[in-house]
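1. Fold the stuff below for me.
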Amino acid sequence: MRPYNQSTKNYWQIKGQTMIPWRTQLSVVAVLTILAHGALPSQTQETPPAGRESRVTLLLVGHGGPATDFPTLTEYFRLHGRNSDESRAIENEMMHWPRNERNDSYWAGFMKIVRELERSGGFHSVRYAFNEMCAPTVEEALEVSKGDRPDTIVVTSIMMTSGGVHSEKDIPLSIQNFRDQNPEIPVIYAWPYAEADIVKFLNGHIGRFTSTN
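-> Residues are numbered from 1 along each chain as shown. Purely as a prediction, here's the structure:
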């Protein structure tokens, strides 16, 4: 479990609600726009057999947060970082706690993006994962993705700004662990995002609010 302090608790719990930073909310919209236009970093994919299109499975990684109705959330924060059997049991229960629009608005918004990507038809399959506090983990989702029998798995994060520990360290580590066990499956980490693509999205997004008829 990751280190915890009082500011971490305040970050996640404000007046009994799960709060997500505005940067994360903006990232979800921006990622959908960038993915829809195919602006993923260019990396080599395995060539499929002749006569068949490449099967690409997309794994979209969100941040994750606790459900507001999880009954032992206070106890989770109290034990966070102790690496005890009790803390691990509570964390496992929290990660698999049922989510819906009422108890985890971030999860609900993230899943709308996943469904839109599925409907776009641009991928063989679309899977999802979370960095913390919600299942599945990146490694779990990679195992599920393997069952889709893709030619390539493309992993990307909704965290678009460079420097975050999840995107810079946690996700690459999970990918490497999967590669070590499954060397026959190409995995592309489509990150970081090109600054020019982010700026292009932001300019267009802001223009919707500032343009005059």
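2. so where does Ala141 fall, helix or strand?
-> Element membership for Ala141, per DSSP states H and E: helix 138-146.
3. How many residues are close by the residue nearest to Ala135 when sequence neighbours are not counted?
-> Nearest residue to Ala135 in three dimensions, chain neighbours excluded: Met95, at 4.4 Å (Cβ to Cβ, 6 or more residues apart in numbering). Heads up, the C-betas are built off the backbone N, CA and C, glycines and all. Neighbours of Met95 under the rule other Cβ atoms under 10 Å: 19.
4. Repeat that for Ile188.
-> Neighbours of Ile188 (other Cβ under 10 Å): 18.
5. Provide the partner residues of it in its beta bridges.
-> With DSSP bridges as the criterion, Ile188 is bridged to Val154.
6. quick one: it and Ser167, what's the gap?
-> Separation of Ile188 from Ser167 (Cβ to Cβ, to the nearest Å) stands at 15 Å.
7. what's across from the residue sitting nearest the centre point of the chain in the sheet?
-> The centre of the chain sits closest to Val61, judged by Cα atoms, centre = their mean, with a distance of 1.6 Å. Beta-bridge pairing for Val61 (DSSP bridges): Ala129, Ser157.
8. in the chain, which spans are helices?
-> Counting by DSSP state H, the chain has these helices, from start to end: 6-12, 22-36, 73-79, 85-95, 105-120, 138-146, 165, 171-181, 195-210.
9. okay, these in TSV with distance to Ala67 next?
-> Shown next, in TSV, are those (distance: least, Cβ to Cβ, whole Å):
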stretch	distance to Ala67
helix 6-12	11
helix 22-36	17
helix 73-79	8
helix 85-95	7
helix 105-120	8
helix 138-146	18
helix 165	23
helix 171-181	23
helix 195-210	29
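10. looking at those, which is buried most?
-> Among these, helix 138-146 has the highest mean neighbour count (mean count of other Cβ atoms under 10 Å), at a mean of 19.
11. Against which helices or strands is it packed?
-> strand 56-62, strand 125-130, strand 152-157, helix 171-181 (3 or more Cβ pairs under 8 Å, 6 or more residues apart in numbering; DSSP states H and E).
12. Perfect, that will be all.
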